[in-house]
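Asks: sequence isn't available, so here's the structure alone:
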């Protein structure tokens with residue numbers, strides 16, 4: 001019961017962010033989407049998360065969900081059972097939605113799904129062949145129909161597309177130059193930044209969390225985003241949500257925020273590895289909480305391996321796993 005309540009609250013928060021324009025990039029994504037609008041036609045509510053990008057069409061009867069963690073794309077439509085030429089209509093709607101997501105670009109003028117899907121012939125799906133690709137998509141009917149809130153009996157059809165096996169690495173390499181540039185500017189190790197982005201969003205430029213963290217590095221505009229912007233541009237300003245969906249701007253602020261964590265809150269820690277462990281945990285759960293859980297005097301007395309163990313024991317499970325994950329991923333990206 002408690003889990004379901006929390007889940008519903010998280011969905012409501014995400015949808016509220018959608019209404020206020022959080023999902024805008026080149027084209028506004030679902031700016032008119034509300035819980036009630038989804039529930040009028042759908043038997044399930046799906047919204048974007050840190051690891052997935054969900055988009056609805058204008059009539060709210062077709063949607064796509066790109067799962068950046070597991071490398072899959074699902075496009076589905078729900079039509080009244082009495083729709084004339086139901087099969088043909090559903091195929092057309094799904095093809096249109098699929099084409100839309102393959103043509104959607106980030107602020108860098110690059111397709112969000114660039115180089116991440118192949119057609120049946122093993123060719124990369126791009127703007128030049130996407131029309132042919134979507135024509136060959138064959139939606140499957142879900143056997144069990146349902147009644148929507150207006151009493152309309154609806155039938156769902158869907159199609160699933162697998163992304164290439166190394167889809168995460170492909171996205172990572174697309175942002176590697178930007179990461180390296182800002183990492184050098186702020187004196188942060190590039191492979192550490194890549195590890196943080198991997199853990200935060202799986203390199204999903206349209207990431208949004210229930211708590212309002214946005215973009216690749218999952219920054220909350222009024223907190224980390226504000227602090228980083230003020231440090232860089234000397235202006236005490238909360239940037240619009242769209243700002244954080246620009247990969248370059250998001251990475252700049254994210255690296256700057258990590259720099260502030262490292263040097264503003266843990267500057268008295270002289271050992272670089274100890275400072276890194278503390279900063280990684282602070283990026284996940286906040287510097288104030290980390291300093292409360294691990295007093296600086298205690299951190300100074302421990303060597304790096306001891307502090308790593310201490311942090312795993314003292315931090316919440318989420319932060320403990322975050323520390324282990326980012327540390328592991330950092331070693332992976334260091335081999336690039």
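Replies: Okay, I see it. Please read these numbers as outputs of a predicted model, since none were measured by experiment.
Asks: correct me, but residue 174 touches residue 114?
Replies: Yes: at 6.9 Å, residue 174 and residue 114 qualify as touching, with contact defined as Cβ atoms under 8 Å. For the C-beta atoms, the positions are set from N, CA and C on the backbone; glycine is no exception.
Asks: these two: which is more packed in?
Replies: Neighbour comparison, residue 174 and residue 114: the larger count goes to residue 174, with 20 against 17 (by other Cβ atoms under 10 Å).
Asks: give me the element that one is part of.
Replies: Here residue 174 sits within helix 167-186, counting by DSSP states H and E.
Asks: what about residue 70, how many residues nearby?
Replies: Around residue 70 there are 11 other residues, counting by other Cβ under 10 Å.
Asks: what's the spacing between it and residue 163?
Replies: The spacing between residue 70 and residue 163, counted by Cβ to Cβ, to the nearest Å, is 9 Å.
Asks: now residue 142
Replies: Residue 142 sits 22 Å away from residue 163 when distances are taken as Cβ to Cβ.
Asks: the two: which is more packed in?
Replies: Neighbours were tallied for residue 142 and for residue 163 using other Cβ under 10 Å; the higher tally belongs to residue 163 (21 against 15).
Asks: that one reaches residue 101, doesn't it?
Replies: No: look at residue 163 against residue 101 with Cβ under 8 Å: they stay out of range, at 11.9 Å.
Asks: overlap in contacts, the two.
Replies: Where contact means Cβ atoms under 8 Å, 6 or more residues apart in numbering, the residues bridging residue 163 and residue 101 through contact with each are 73, 113.
Asks: and the nearest residue to residue 163 once chain neighbours are set aside, how many residues sit next to it?
Replies: When the adjacent residues along the chain are set aside, residue 163 lies closest to residue 71, with 3.9 Å between them (Cβ to Cβ, 6 or more residues apart in numbering). The local packing count at residue 71 equals 18, with neighbours defined by other Cβ under 10 Å.
Asks: same question for residue 132.
Replies: Using other Cβ under 10 Å, residue 132 has 11 neighbouring residues.
Asks: what comes into contact with the helix or strand hosting it?
Replies: With the criterion set as DSSP H and E, the secondary-structure element containing residue 132 is helix 130-135. Residues outside helix 130-135 that contact it (Cβ under 8 Å, 6+ apart): 94, 95, 96, 98, 99, 102, 103, 117, 119, 125.
Asks: most widely separated two among these?
Replies: Using Cβ to Cβ, the two most remote members of the contacts of helix 130-135 are 96 and 119, lying 17.8 Å apart.
Asks: quick one, strands of the protein?
Replies: Secondary structure of the chain, counting by DSSP state E: strands at 52-56, 62-67, 72-80, 140-141, 146-147, 153-162.
Asks: out of those, which gets nearest to residue 237?
Replies: Distances from residue 237 to each of the strands of the chain were compared using Cβ to Cβ; the shortest belongs to strand 52-56, at 27.3 Å.
Asks: what pairs with that closest one, parallel or antiparallel?
Replies: Within its sheet, and counting by DSSP bridges, strand 52-56 is paired with strand 62-67 (antiparallel).
Asks: can you give me the buried ones in the strand it pairs with?
Replies: Within strand 62-67, the residues that count as buried by 16 or more other Cβ atoms under 10 Å are 62, 63, 64, 65, 66, 67.
Asks: now swap in stretch 227-239 and tell me
Replies: By neighbour count, and taking 16+ other Cβ under 10 Å as the criterion, the buried residues in stretch 227-239 are 227, 228, 229, 232, 239.
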